[in-house]
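In: have a look; sequence and predicted model below, questions after that.
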Amino acid sequence: MSNQPTLLPSLLALQSPTSLPLLLSRLSLQALHIQPYHIRDDIYSATTSVIPGQLRNLRLRAERVASPSYTAKGKGKGKGRAQEVDEADEGREYTLTYISPPMNGREYAEMSVRACIGLEVAGESTRKEIEGFIQLLGFKHSHSYTRTGYLVHLPLPLPSSTPMTIHLAITRLSMDQPPDSTAQEPPPTPTPAPTSEPYLLTLQPSRPVQAVSARGEPGLEDMMRVMRDVADRIEGVQWETGRL
């Protein structure tokens, strides 16, 4: 398990499908690059609450990659190890993260800010293995959803000791059935099928940040200021925090 809690600020918006071509055209002038995006998030809630009224959630994210993660990243040695990889896990990278509810406070009023802690599960690399670990922690599946569309990488005008960008995800969201190791995901569609449903836009840093800047890394206040500047330069989008 890693590490210290970090903070993930977000801005949200809805965009009509008719305006998507113009939006992507404008973004192409600002973006470092734009790529297809397909993720599935399974949300798990703690079966017991440490603090009454406050739920703890884990997010198991499966992201499609261009090639199987085991062979692309050298995980596993030789042909025999590659054959052991579950077919359902090929071409997917899994991350497990503790996600808090949106934080309250005046300093968080401009955006939705959640605390995040990445969990590193040594030796657990398949969905089935990670789900078993989640159950041992006392979490139960709550809901699942898939987001399909585009991921726009925008430059970050802040000094950072490690590469970092602003991510703009432009996706359609669909609720999924509970995870089933025997069920097969439908094949990804590079371009979402035509429909009148709006796109969900999510603006976030490419990784969570510390509350206070340190050692050349941007802090929350700096990141929120830059995100607001970036959001203001995206024409035709009405940003919200997602708070009720």
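Out: Perfect, I can see it now.
In: I'd like the distance from the top strand by length along the chain to the chain centre, please.
Out: Using DSSP state E to define each element, the chain has its longest strand at strand 139-155. From the chain centre to the centre of strand 139-155 is a distance of 5 Å (C-alpha atoms, centre = their mean, to the nearest Å).
In: list the helices and strands it packs on?
Out: With contacts defined as 3 or more C-beta pairs under 8 Å, 6 or more residues apart in numbering; DSSP states H and E, strand 139-155 has these neighbours: helix 20-28, strand 33-46, strand 165-176. Yep, even glycine has a C-beta here, placed from its N, CA and C like the rest.
In: got the CA coordinates for it in CSV?
Out: What follows is strand 139-155, C-alpha atoms only, in CSV (Å, rounded to 0.1, in the frame of the first residue of the first chain):
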residue,chain,number,x,y,z
PHE,A,139,-15.1,-4.1,0.8
LYS,A,140,-18.1,-5.1,-1.1
HIS,A,141,-19.0,-4.3,-4.8
SER,A,142,-21.2,-1.2,-5.1
HIS,A,143,-21.5,-0.3,-8.8
SER,A,144,-19.6,-0.3,-12.1
TYR,A,145,-19.4,1.9,-15.1
THR,A,146,-17.6,2.3,-18.4
ARG,A,147,-16.3,5.4,-20.0
THR,A,148,-15.5,5.4,-23.7
GLY,A,149,-14.3,8.3,-25.8
TYR,A,150,-11.2,10.5,-26.0
LEU,A,151,-8.4,11.6,-23.6
VAL,A,152,-6.8,15.0,-24.4
HIS,A,153,-3.4,15.7,-22.9
LEU,A,154,-3.0,19.5,-22.3
PRO,A,155,0.3,21.1,-21.3
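In: what residues are up against residue 47?
Out: By C-beta atoms under 8 Å, 6 or more residues apart in numbering, residue 47 lies in contact with 138, 139, 140.
In: pretty sure the second one sits against residue 42.
Out: Right, residue 139. No - assessed by C-beta atoms under 8 Å, residue 139 is found out of contact with residue 42, at 10.3 Å.
In: neighbour count winner among these two?
Out: Neighbour totals were compared for residue 139 and residue 42, and residue 42 leads with 23 against 20 (other C-beta atoms under 10 Å).
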